[in-house]
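Student: structure, please.
(4 chains)
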Amino acid sequence: MIAEPLINSADTITTKTLEISIGPQHPSTHGVFRMDVVLDGEVVRALKPVVGYLHRNHEQLAEKISWLGSMPYTDRLDYFNSMSNNWAYALAVEKLAGIKVPERAECIRVIMAELSRLQNHASAIGFLLQDCGAWGTPLLYAFKEREKILDFFETVSGSRMMCNYFRFGGVRVDLNDAMLAMARKIVAEFPKFLDEFEKLMTTNEVVLARCQRVGILPRELAIAGSVSGPVARASGVEYDIRKVDKYGIYDRLEFGVPVGRIGDVYDRYYIRVLEMRESVKILQQVLRDIPAGPVQAVEVKLRGFKIPAGDGYGRVEGPKGELGFYLVSEGGPKPYRYHIRPPSFINLTVLEDMCVGHKVADAIIILGSIDIVLGEVDR
Amino acid sequence: MIPTSEQLCAAVPGVVIEIVPSTLAAAQPAMLVDREHLVAVARYLKNEPSCQFEFCSCVTGVDYLAKGFIEVVYHLYSVALKHGPVILKVRAPRELDQCHVPSLTPVWRGCEFQEREVFDLYGVKFDGHPDLRRILMWNEFTDHPMRKDYVPPADYEWEPTPHDEVLKRAKADGGIMPPSALATEVKK
Amino acid sequence: METIYQILHTTFANVPAWAVQIAAFLIPIAFIFGVYPAIFALTTLVERKALGRIQNRYGPNRVGIFGILQPLADGLKILLKEDIVPRVADKFTHFLAPVLIVIPGLLVYLVVPVAPGMVAVDLKIGVLFALAVGTMSVIALFMAGWASRNKFSVLGAVRAVAQVVSYEVPTVMAGVAVIMAAGTLSTLTIVQRQGGGLLNISNWYVFRPWGLVGFALFIIGGLAESARCPFDLPEAESELIGGYHTEYSGFKFALFQMGEYLAGMAMAGVTVTLFLGGYMGPGSGPGLAGGLISMLWFFVKLAGMIGLNIWIRGTWPRLRVDQLMGFAWKVLLPLALVNIVAVGFWHFLTPRPLAWIITTGWLVIWFLVLTKCNASAKLEKREYRYV
Amino acid sequence: MNYPGKGLVEGLAITARNFVGSYFYKDRLTTVQYPEERVQTPENSRTFPFLVFDESPDKPRCTACKICEVECPPKCIYIVMDRDDKGKPLQRPKVFDIDISVCMQCQICVEVCPFESIKMDNDYEKSRYGRFNDLVQRLPDLLKSNAYYNKIKPAEAAEVDAKLKAEAEAKAAKKAAAAAAAAKATAVPPAGSVT
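Tutor: As a prediction, this is how the structure comes out:
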């Protein structure tokens, strides 16, 4: 019997890749989102996001109801911050119809949008650390702060998450002194929560080991992939619509826009912490001197509101990125075409480039660091 | 600075550019480009040092049923020079087999998912798109729901407060009529 | 066991010898099967209440006053839950895995001394037996993962095997250090050697330089063995949904939970025996009163170790698979080997202060060398500019 | 001093502080035991709409003008106007259904209602067992008194009452002026020219 030549088993063993679908029903996909992942052992070889499970065709609904009728639907887009969704829609309509917004309403809009940014970023890093495995503790600290802000929204607009508070040309309810005092208390207590949170997580060795150099998004790919918001700024893209478009009264407020350099999961986490500190600065400035005056432009009719024919695109720096509305009007009371530019949906374009080569555990964190909400992805 | 149509005509030979005005308040005129030269115009806008539109913010499909075409609208911004939207429009006939538009995903990677969505909801086929599949609807779905002439399937579930066509359809094919809808209603 | 036999024999003189022998067998077994599962039930409640309090909320407080009956309610609920077995699963192994996971957890308690003379079996090779039996649960984990034919469970099972095996090595090496110092493998004599001294505390091995390092290694090894945070990779909810026990429901799932908690408490028991002086404490000694106090001391130390586990579970996120392995092989194992050499110094350098200086110096040098060459988890220089 | 496990130990310190704090400070223990303790919902908070009536339930303010039915985005209101036996429309709804499984609590109906007759309730315990008929609130369930409205939303109700009273007085004054003008017109011809 001729002895077989010694062969290196690694050459002959053909290992098969493992296709698993981190499926629509999964504890850490932030909603009904599926990723078809091809695994080689633990390493991700390919990753295809599959969306559409929460598709309600909100854009076709809007073509059947009046301009104001789709304002409550915008709360259901990115249900974490209904206030900035409302603002994006109101801004697009005001740009299209040329409506002037009184001074006090602009200040109230900035207060609401920045508070909504605070609670969104707080829960975003809470969920990110929950995906890292910190069993609920950071998430519940973040939710404790978020509750205070949602209670303020309920006191003002009537509902915690589905505020339907903005109107074309202003806001629906004026802030009386009790509400302003409540807002000032929230803003005063927020830095204390941030310091405690940072001490818990920012220098934690396990978080550093898990998040540094993971899911790096190069600057060019971020711009080419139309990535916007904290995800892009963490990779070095100096682009914040509050500074570029200067909508509302943002040009009169001094605040910085933190921009990272490496663009890994840790940068995206820390950029959100720094953005929260900037938002607190903005809120302190606006809450210090709110002018008196009307809260809604007079000439906007509640029923039968018509916009001259034409199309227009208005956008806002939402907590998740650039949230834009492209509206086409044919002069009637109903929009002819109502398109939403969803930041979470477009930020997913580069998810695969960030995840390939990393482990399964990293793919989950990278998805968490993009901070998507499926109501906005699927519309 | 935002290029004028003459500058574009000079840069890209043989392109037909038409300015489509918006409302006077919005003041966002768009450039309607013909299909053949769209990719060339896009590359010029992206690589031209004075424009540098390397951020394609929004891709939208609009179905103009009356005028008989579907329009795809691109909103471009420049991150480096921070200047405003340049809006490219391109039109394609509504019939499904001729509804072709050159894809701009090779120019801007960000259009990939958005163009797939326009294909899924409007049926506009993007030539040159790396992975043109349905993104929002399930794969076995054949129709394109956002078209103006799309008729949703007549699945009348229980609806205690029916209105206009749901009410008509319930009366027509004898669907379950809630008691209140049976209440005799004399037209005013 | 012999002491119980003596006590019984003297008190019930007229009872025939074979009956007393059987009784002497049954009492420790009854003790182990009674006390430790009860502690498991209590731990689930205490864990949920403590994690609740850490997260600014109440733990379970609806069933009984302050939620005392919650473990009972959980047990009843789990009993009534439907036991779903996947159609494609390998029925026999799927059934056997939960049973096999509970046995090692209970076997380890045979050699853990609870009070002077009160140890179920006074094996001469107690420590070896405890550590060897501790790793038997790995087979059950892999059986569970492989039998349920679910990709996520297979991933979880493979991770579990890799983790438990690679953390077993540094733990055993740390145990070798204690065996060298105590000179015997029998847990009873190890605990007796840690007695005496000021208030029965100063002789604990944890107050020796090499003992402290061994204690740290044992805590990390214990966490990794029972797959608790920050090493709870096998059943990482956020990645693998449930790891090896995804396809289990009903009482089999409860057995898995019990097996995990018992394994965690077993490792805590062994750590207490080897480093914190078992039942030694002020006032512990032979005799009825001393025995009771020493039993109290043992359970207080056990509760302290479990409390530490819960505290860590409420704070730290979990490590990734490759970091977990790297940490075990590149940091813990060298440290354990260095620890053995340190015990050698400690044993042969008779003048105490000299021994203290040499061993401490040796350990500190090596600690710095290891942390230097494995410097992974350090905050890189990051600058954020404001535009 | 920066020892290797510094971040981990600081993290433990924070959780320990929260654990101990939860026994002493109220803001470290934020759970509300729902059935026993209840959070006092603020005045503006809104759940589902209800119809207001002034004196008696069979005379609601609502005149069945169907503006809210038209303007409601999810189309969850269904109104049929009441008619007396001769077919003359009475300014009252015979059927007024709101399907609260469709209603998204956006209170646009409250804004567009010209007669201040539909207002937002803040009672959130509206879960039912049945899916089909139980979730439709018919006219009798919707009707609530103005006193109830003043109880749940004092400030808003006071404002609405003041507005209604002002309108009523203006109408009464106008009617009085018209009656006076009509009386003057009839009085002048018989008495000839009256200075």
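
Student: could you use CA atoms for every contact and neighbour count after this?
Tutor: Will do.

Student: what segments of the chain are strands?
Tutor: Unless you meant another one, I'm taking chain A. Secondary structure of chain A (DSSP state E): strands at A:18-22, A:34-40, A:43-50, A:166-167, A:170-171, A:258-259, A:310-318, A:321-329, A:337-341.

Student: other chain: chain C
Tutor: C:385-386.

Student: quick one: least confident helix or strand in it?
Tutor: Among the helical and strand segments of chain C, the one scoring lowest on mean pLDDT, DSSP states H and E is helix C:237-240, with a mean of 70.

Student: low-confidence ranges, the stretch 101-250 of chain A, go.
Tutor: Within the stretch 101-250 of chain A, no stretch has pLDDT under 70.

Student: would you mind naming what in it lies close to chain D?
Tutor: Counting by Cα under 8 Å from any Cα of the partner chain, the residues of the stretch 101-250 of chain A close to chain D are A:144, A:154-159, A:162-164, A:196, A:199-206.

Student: only whichever of these are buried, select them in PyMOL.
Tutor: Only the buried entries of these go into this PyMOL selection, using 16 or more other Cα atoms under 10 Å in any protein chain shown:
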select buried, chain A and resi 144+154+155+156+157+158+159+162+163+164+199+200+201+202+203+204+205+206
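
Student: out of the residues of the stretch 101-250 of chain A next to chain D, which are inside helices?
Tutor: A:K144, A:E154, A:T155, A:V156, A:S157, A:E196, A:K199, A:L200, A:M201, A:E205, A:V206 (DSSP state H).

Student: can you give me the distance of the fifth one to chain C?
Tutor: Spatial separation of A:S157 from chain C under the definition Cα to the nearest Cα, to the nearest Å is 28 Å.

Student: for that residue, what are its contacts?
Tutor: A:C163, A:N164, A:Y165, A:R172, A:V173, D:N44, D:S45 (Cα atoms under 8 Å, 6 or more residues apart in numbering or on different chains).

Student: you'd agree D:S101 is in a strand?
Tutor: No - D:S101 is assigned coil when assessed by DSSP: H, G, I helix; E, B strand; the rest coil, not a strand.

Student: show me the contacts for it.
Tutor: D:L135, D:V136.

Student: circling back: which one of the strands of chain A lies closest to B:D149?
Tutor: B:D149 sits nearest to strand A:337-341 of all these, at 14.0 Å, using Cα to Cα.

Student: what residue is smack in the middle of chain D?
Tutor: With distances taken as Cα atoms, centre = their mean, D:K119 lies nearest the centre of chain D, 1.7 Å away.

Student: pLDDT score assigned to that one?
Tutor: As predicted, D:K119 sits at a pLDDT of 94.

Student: helices or strands up against the helix or strand containing it?
Tutor: In the assignment (DSSP states H and E), D:K119 maps to strand D:118-120. Applying 3 or more Cα pairs under 8 Å, 6 or more residues apart in numbering or on different chains; DSSP states H and E, one finds that strand D:118-120 contacts strand D:49-53, helix D:108-112.

Student: for chain A, find the nearest of those.
Tutor: Closest to chain A of the helices and strands packed on strand D:118-120 is helix D:108-112 (Cα to the nearest Cα; 7.0 Å).

Student: is chain A within reach of the closest one?
Tutor: Yes - residues of helix D:108-112 are located near chain A by Cα under 8 Å from any Cα, namely D:I108, D:V112.

Student: distance from that helix to the middle of the chain?
Tutor: Mean-position distance between helix D:108-112 and its chain equals 9 Å (Cα atoms, centre = their mean, to the nearest Å).

Student: and that helix, which residues are buried?
Tutor: Buried positions in helix D:108-112, judged by neighbour count with 16+ other Cα under 10 Å: D:I108, D:C109, D:V110, D:E111, D:V112.

Student: how far does stretch D:132-150 sit from the chain's center?
Tutor: Its chain's average C-alpha position is 11 Å from that of stretch D:132-150, according to Cα atoms, centre = their mean.

Student: name the residues that touch that stretch?
Tutor: B:158, B:160, D:49-57, D:60, D:95-101, D:128, D:156-158.

Student: ditto for stretch B:114-129
Tutor: So stretch B:114-129 is contacted by A:346, B:58-61, B:63, B:70, B:92, B:96, B:99-106, B:112, B:132-137, B:144-147 (Cα under 8 Å, 6+ apart).
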